[in-house]
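# Sharing a model prediction with you, sequence too.
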Amino acid sequence: MSATAFLQGILGASSLLAGASLGAVWQPSRTFSAAIMAFGSGTLLSAIAFEITTQVYRQSGFLPLIIGFLAGGSLFTSINWYIDQRGGFLRHPASSRRYLFQQRQDAASEILDRLAQIEVMQNIPPAEMQAIIPFLKLCTTEAGAILCQEGMPGDSMYLILAGEAEVRKGQQLITVLSGGEVFGEMAMLTGEPRSATVIARTPMELYEFKQADFNAVLARTPQLSQSLSRILARRLQATTESHAEAEQRRQRWRQEVLDSTELDLPLPEQQAMLQQLTERSAPFAILFGSLIDNIPESLVLGMTVQQHHVSESFLLAVFISNFPEALSSSIGMKKSGTPVKHILALWSGVVFLSGLGAIAGNFLQGSSDPLVMAVIQAIAGGAILAMIASTMMPEAYELGGASVNFSTILGFLVGFWVSLSDQ
């Protein structure tokens, strides 16, 4: 029985190696990739419905389904998140992009925590603020440093986070600036020379926004110059709002900016970021993450051996769904700089370990109480469903749009038709 289970697990996972090999040498069209992935999602959904859900319900009722599906979905989600944080996100292009998005949002959140005290920035619309954030350079300076020189060209504006600075015109002290204030903006907006000299009175921490970066942002958001000019013209206007109201407004602005985060980096920049992340990630995390995607499937395949038949519909669903997963993963990993031999070695390892997973499923089927077995099958079903929802279907829709609807329906019907032939 163990040998049969192992072979069944290997057969179901063998399309992983086929997909990885093809993706290492050929990049199919987006429409083709989306159609195959959607078809695989449909067949897996059909297999879950008719090979797992129906059988568990008939044997043990609805309660094991609720417990198992919730437990399986939660377990898969938690483990998948843990693995992604350690580099496993590279196994899926969709998870790679999601990880890059999260990195950008985390970076924006850290900057926004610092900018929350600068009132003038809170009036800039969220989309425009999001365009500015990547260009803000954090810098520090010692007391006595000259930040702006009267009569010199203005190529930067500064946002004070901490410390104080003196504004002088000639030898006359005009004012003292402190945390939360902005200076140098008028020369940058008008192109005129600096109208005053700014000298650090104490050690300072501030953000610098250079003219060249400002021009780059203007190319994307032309209305930024007008918005900034209007806001700065009103910055001396008195306000009567309470501290609590100001804090609420800061938090609301911060959340709006975070919500406007988009992964709109040019493709070369995305690939460069992925290359850096690849160098820091652990290959074991990618291997383990890929295995987690396939463990539930291999367990269920091994469980059917003890029942003296092979579920052709479930085996077909696993085989079909694994192909586009490895295909898209290998393409994404190759783009991020992973050598082809490492990609093929990784997926070969996953295929072998999937065979061992089927042996484990066969062992559980022969040694567990029927009720316990029903819960285990339901856990596997919940994990597979979570995998489809978090990786296959989102990626298929991203690649193919609404056209994947029909591929998914066709895959579901084919899976249902094959399941009927098993009965």
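In hand now; what should we look at? Just so you know, these numbers come straight off a predicted model, no measurement behind them.
# For S321, which residues are in contact?
Contacts for S321 (Cβ atoms under 8 Å, 6 or more residues apart in numbering) come out as 40-41, 43-44, 297, 388, 392. All C-beta spots, glycine's among them, are computed from the backbone N, C-alpha and C.
# what comes up buried for the helix or strand where Q365 lies?
Per DSSP states H and E: Q365 is located in helix 340-367. With burial defined by 16 or more other Cβ atoms under 10 Å, the residues of helix 340-367 counted as buried are 343, 346-347, 350-351, 353-365.
# just to revisit the earlier point, could I get the contacts of S321 in TSV, plus columns for pLDDT, secondary structure and distance to G191?
As requested, those are exported to TSV (pLDDT from 0 to 100; DSSP: H, G, I helix; E, B strand; the rest coil; distance: Cβ to Cβ, whole Å):
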residue	pLDDT	secondary structure	distance to G191
G40	88	helix	58
S41	90	helix	56
T43	90	helix	63
L44	89	helix	61
E297	86	helix	63
I388	90	helix	56
M392	85	helix	53
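# Of those residues, select the buried ones using a ChimeraX command.
To isolate the buried ones among the contacts of S321 in ChimeraX, judged by 16+ other Cβ under 10 Å, type:
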select :40,41,43,44,297,388,392
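# quick one: which of the contacts of S321 is nearest Q105?
Nearest to Q105 among the contacts of S321 is M392, at 24.0 Å by Cβ to Cβ.
# need the contact list for the closest residue to the closest one other than its chain neighbours.
Closest residue to M392 apart from its sequence neighbours, by Cβ to Cβ, 6 or more residues apart in numbering: S41 at 4.7 Å. Taking Cβ under 8 Å, 6+ apart, we find S41 in contact with 321, 388, 392-393, 396, 408, 411.
# could those be laid out in TSV, adding distance to W81 and secondary structure?
Below are those laid out as TSV (distance: Cβ to Cβ, whole Å; DSSP: H, G, I helix; E, B strand; the rest coil):
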residue	distance to W81	secondary structure
S321	21	helix
I388	17	helix
M392	17	helix
M393	18	helix
A396	21	helix
T408	26	helix
G411	27	helix
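# can you name the farthest residue from the center of the chain?
Using Cα atoms, centre = their mean, the residue of the chain lying farthest from its centre is Q171. It sits 54.0 Å away.
# Quick check: which ranges of the stretch 1-150 of the chain have low pLDDT?
Within the stretch 1-150 of the chain, the ranges that satisfy pLDDT under 70 run 1, 87-97, 103, 119-120, 122-123, 127.
# hey, where'd the strands end up in it?
137-141, 146-148 (DSSP state E, counting those that start in this stretch).
# Looking at those, which one is packed in the most?
Most buried of these, by mean neighbour count (mean count of other Cβ atoms under 10 Å): strand 146-148, with a mean of 20.
# So which elements touch that one?
Helices and strands touching strand 146-148, by 3 or more Cβ pairs under 8 Å, 6 or more residues apart in numbering; DSSP states H and E, are strand 197-200.
# Provide the strand pairings for the strand it packs on, with the direction of each partner.
Strand 197-200 has its sheet partners listed here by DSSP bridges as strand 146-148 (antiparallel), strand 165-169 (antiparallel).
# With respect to A219, which of these lies nearest?
Closest to A219 of those, according to Cβ to Cβ: strand 146-148, at 25.3 Å.
# Give me the sheet partners of the next helix or strand after that closest one and which way each runs.
Sequence order places strand 156-162 as the next helix or strand after strand 146-148, per DSSP H and E. Neighbouring strands of strand 156-162 in its sheet, by DSSP bridges, are strand 182-183 (antiparallel), strand 204-210 (antiparallel).
# Which parts of the longest one count as buried, going by neighbours?
Residues of strand 204-210 classed as buried: 204, 206-209 (neighbour count, 16+ other Cβ under 10 Å).
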